[in-house]
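Novice: Show me the folded form of this:
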Amino acid sequence: MSRMLEEIRQQPEVLERTLAAESRNIARLRNALAKRRWRSIVLAARGTSDNAAQFGRYLLEITTGIPVSLAAPSIFTLYKAKVNFEDVLAVALSQSGESIDTNIVIEEARRQGALTIGITNQPGSALARAAERVLLVRAGKERSVAATKTYTGQLLMLYLLGYALGGRLRLGDLERLPELASLALGLEPEIRSLAGRYRFLDHAVVVGRGLNYANAFEFALKLMETCYVVAERFSSADFLHGPIALIQPNLPMFLFAPSGATWPPMAQMLEKLRSIKAETLAFTDRSNPGARQSAGRAIVLPRSIPELLTPIPYIIPAQLLAAHLATEKGLNPDRPRALSKITRTL
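Specialist: Numbering: from 1, shown residues only. Below is the predicted model:
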């Protein structure tokens, strides 16, 4: 069994441990953040952490009303630009805490008076030293190059950050996430059987929107790095503005399809895809029978889940599919070619 699969299966425990260990830290942060009015939030990250930051942008704007932007580290590392960080909350996300360019963003933001927060899995990392406050993902060592448990740990931390900012989030709801992660893991036998259907997959499209837009990027990344599949990823809105023209009959498409605000436009898109005979697989839950009916196939979590809480339980079946597909293809998902666990860029 691959380490990637082992680490996917650890996620309920990681989420539960992180919630318990960080509860006091979050309470202190909530008190500190309430003392200032924040003009904006800047999130800095790379790779899988950047996908988590994309989720954070949607979550924090939806729940707090504070504008959120994703930092472009090259503005600082290559162009040496000066950016106004007055009344800005700057947050860097890095599994290892050793991403040079995101750390430079945090260092520069702190020099200019921003409150800085580091979200990392490594307490002794450069990011933990650079940031004024640290939120620790308690994932333990992640040995597989393909990040899984640290990604969902970062999503959890962004939920907790939204709560600390006074956003429309309840701790009681967030405490359900480990159980929902366990529920998603229960789908593994079904997903293992399904992986064989995609053994010869070399091109695919992944679609999400809103809170699950980040999951479209993250699943596509997992397909690329562990299965060597050329995976394009889109918002369902952007997809209809041109990329739908590339769809041919039987091209595999994977869609994150919760009930809620993003379902009506996703349903319209599925109707178009059906008319051109694309092969569609939806990640959804029991609250959305329309997704099961509209998509050619569906992986269905056997519980109704509010859209706000779907990103963590929805990405886990996608991670499982990538891991089992790599095995079907005779590949080692723990050691993708040309990749290492820590990537340092400027």
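
Novice: I figured residue 143 hits residue 10, correct?
Specialist: No: when contacts are counted by C-beta atoms under 8 Å, residue 143 is not listed as touching residue 10 (11.1 Å). (Each C-beta comes from the backbone N, C-alpha and C, glycine too.)

Novice: Looking only at neighbour counts, state which of these two leads.
Specialist: Neighbour count, other C-beta atoms under 10 Å: between residue 143 and residue 10, residue 10 has more, with 19 against 12.

Novice: gap between that one and residue 149?
Specialist: Distance of residue 10 to residue 149, given as C-beta to C-beta, to the nearest Å: 5 Å.

Novice: Residue 268 too?
Specialist: 35 Å.

Novice: more neighbours, these two?
Specialist: Legend: neighbour count by other C-beta under 10 Å for residue 268 and residue 149, higher for residue 149 (30 against 13).

Novice: got a list of what the more buried one touches?
Specialist: Residue 149 makes contacts with 7, 8, 10, 11, 14, 139, 140, 142, as judged by C-beta atoms under 8 Å, 6 or more residues apart in numbering.

Novice: Residues in contact with the helix or strand where the second one lies: which ones?
Specialist: When elements are assigned from DSSP states H and E, residue 8 belongs to helix 3-9. Helix 3-9 is contacted from outside by 142-144, 146, 148-149, 185, 226, 316, 319-320, 323-324, 326, 333-334, using C-beta under 8 Å, 6+ apart.

Novice: Outside of the longest helix seen in the chain itself, list whatever touches it.
Specialist: When the chain is parsed with DSSP state H, its longest helix is helix 11-33. Helix 11-33 is contacted from outside by 89, 115, 117, 133, 135-140, 148-149, 152-153, 156-157, 160-161, 163-166, 174-175, 177-179, 181-182, 185, 312, 316, using C-beta under 8 Å, 6+ apart.

Novice: What is the next helix or strand after it packed up against?
Specialist: With elements assigned by DSSP H and E, the helix or strand that comes after helix 11-33 is strand 40-44. Counting contacts by 3 or more C-beta pairs under 8 Å, 6 or more residues apart in numbering; DSSP states H and E, strand 40-44 packs against helix 47-64, strand 68-70, strand 88-94, helix 100-111.

Novice: Which residue ranges make up each domain of the chain?
Specialist: The chain is divided into the following domains under automatic domain parsing: 3-175, 180-328.

Novice: can you put these in TSV and add mean pLDDT?
Specialist: Output for the domains of the chain, formatted as TSV (pLDDT from 0 to 100):
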stretch	mean pLDDT
domain 3-175	96
domain 180-328	93
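
Novice: give me the number of residues near the nearest residue to residue 88 once chain neighbours are set aside?
Specialist: With C-beta to C-beta, 6 or more residues apart in numbering as the criterion, residue 88 has its nearest non-adjacent residue at 4.5 Å, and that residue is residue 114. A count of nearby residues for residue 114, using other C-beta under 10 Å, gives 25.

Novice: The contacts of helix 11-33 in strands, which ones?
Specialist: Among those, the ones falling in strands (DSSP state E) are 89, 115, 117, 133, 135, 136.
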